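Visitor: got a sequence here, can you build the structure:
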Amino acid sequence: MEYFPSHSFVNCDRHPFSAAPPVIPRPCRVHLLALGDVGSTLAIGLKLLGGDVISTLGLCDVRENVPERWEFELGQIAVPSPQVRIVPPEEVFDCDVFLFCASRFVPDTAVKSGDVRMAQYQLNRPLAAAYARQARERGYRGMFCVVSDPVDPLCRAALLESNRNEAGEPDYLGLFPHQVRGFGLGVMNARARYYAQRDPRFADFLMDGRSYGPHGEGLVVANSLSRYDDALSRELTEKTKRANLDMRAMGFKPYVAPALSSGALSLLSCLRGEWQYSSVYLDGVFMGVRNRLAPNGPAVERLVDFLVSPELLAIGDPADLSQLWRDMKNKDWFMALLDVEAYIAARDRAVADYGDRTAWARKMLVNTARSGYFSSDRTIAEYNRDIWHLG
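Guide: Next up, the predicted model:
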């Protein structure tokens, strides 16, 4: 039996533009393009909350005095880091993480129906493509993060356009799939939580509900993975999708929650290696899922979901497996998931090494010879002498 299902993690090795995932230093340099409503609110969130993972927050905006205004404002927020500085357009890719928040068109509050995000695609696509080509020209190997609407289509446009030569032919010399990530699904999950906290019918979502797909038409909100109810899930999905229009009906543009939930909070969780909602490259498309940034690329939740797969439920206790699954997804106090990829790699090496019985025997002898003496009595005595001091 396979203990871990195949393709548990996103793997770009089979893709024509394959390469090792970018190594993001910690703390890292983040450059933010365009300080409109979303960009400026996102910058505030990063300044207040990102000191542990961001060393420098660079601000770039082509409008007169806009970057100067925000450098002045953010510089007066009394937290030691990140440091805020103005970045000229030609240096926007001298960073580890690039945030694309630019937009040529944002519908005003008179627009109260339809898919407001997709309405921005035709004008925002050329802008995203232009910066993707600039990233190609600079040989950029950091993260290219799309925050502008519509997130998923713009991620795809950035990836494809960066990999075309001057003749428009694909040559795969631009951005790699694992460099491009979209931040839009976080606010949809946060909106679903908002409704779940206020309606007891959706309370299961707070424990193990999930959000998938784009942050607009096509969104799927599951009320619960262990107690899924299709009718409740569809109702919660519709409420979540309409939250954007409900804010517009009040006469306001909905940008604060998207900038913080999809932008600042999700990005910071991503940089910390924590689980969060964003769009990653999965089998040829950008898909919004709960994932985390791992050493070998984006890791999605499929691995832990094996605990409640039909294979294990058929041979184990469903209640115990479901409880273990919930604990791993929502607690993981011992941070087992942080080491799981290293464990899988070590297990695979061990299986491969076992095929060479002579080499395997040598490893056993060396391992045994180098092992140290262990005594539980001595260990407890030393704990008492050095730590507990119980007499």
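
Visitor: low-confidence ranges in the protein?
Guide: In the predicted model of the chain, residues 1-22, 105-118, 302-307, 311-312, 328-345, 347-348 satisfy pLDDT under 70.

Visitor: next one: the longest helix anywhere in the chain to chain centre, how far?
Guide: Longest helix of the chain, by residue count under DSSP state H: helix 230-249. What separates the centre of helix 230-249 from the centre of its chain is 23 Å, taken as Cα atoms, centre = their mean, to the nearest Å.

Visitor: what about the helices in the stretch 201-350 of the chain?
Guide: Counting by DSSP state H, counting those that start in this stretch, the stretch 201-350 of the chain has helices at residues 205-208, 230-249, 256-257, 266-271, 302-305, 310-313, 318-330, 340-354.

Visitor: send the alpha carbons of the first one over as PDB?
Guide: Right, helix 205-208. In PDB, the C-alpha atoms belonging to helix 205-208 read as follows (Å, rounded to 0.1, in the frame of the first residue of the first chain):
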ATOM      1  CA  PHE A 205     -17.100  25.700   8.500                       C
ATOM      2  CA  LEU A 206     -15.100  27.200  11.400                       C
ATOM      3  CA  MET A 207     -13.700  23.700  12.100                       C
ATOM      4  CA  ASP A 208     -12.900  22.200   8.800                       C
END
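
Visitor: which parts of that helix are buried?
Guide: The neighbour-count check on helix 205-208 (16 or more other Cβ atoms under 10 Å) flags 205, 208 as buried. Backbone N, C-alpha and C define where each C-beta goes, glycine included.

Visitor: so what secondary structure elements neighbour it?
Guide: Packing partners of helix 205-208 (3 or more Cβ pairs under 8 Å, 6 or more residues apart in numbering; DSSP states H and E): helix 185-198, helix 318-330.

Visitor: ranking those helices by burial, who's on top?
Guide: Among the helices and strands packed on helix 205-208, helix 185-198 has the highest mean neighbour count (mean count of other Cβ atoms under 10 Å), at a mean of 22.

Visitor: what sits up against that helix?
Guide: Identification of contacts with helix 185-198 by Cβ atoms under 8 Å, 6 or more residues apart in numbering yields 151, 202-206, 209-215, 219, 221, 236, 239-241, 243, 257-258, 261-263, 265-266, 276-279, 288-290.

Visitor: how much space separates residue 82 from residue 52?
Guide: Separation of residue 82 from residue 52 (Cβ to Cβ, to the nearest Å): 10 Å.

Visitor: neighbour count: those two, which is higher?
Guide: Shown here are residue 82 and residue 52; by other Cβ atoms under 10 Å, residue 82 has more neighbours (22 against 12).

Visitor: any idea what the residue lying closest to residue 185 once chain neighbours are set aside is bridged to?
Guide: Excluding its sequence neighbours, the residue lying closest to residue 185 (Cβ to Cβ, 6 or more residues apart in numbering) is residue 288, at 3.5 Å. Residue 288 has these beta-bridge partners by DSSP bridges: residue 279.

Visitor: strands along this protein, start to end?
Guide: 28-33, 54-60, 83-86, 97-100, 143-146, 180-182, 210-212, 220-222, 276-282, 285-294, 297-300 (DSSP state E).

Visitor: okay, the residue nearest to residue 384 when sequence neighbours are not counted and residue 383: tell me how far apart.
Guide: Distances taken as Cβ to Cβ, 6+ apart place residue 390 nearest to residue 384, at 5.4 Å, with adjacent residues excluded. As for residue 390, its distance to residue 383 is 9 Å (criterion: Cβ to Cβ).
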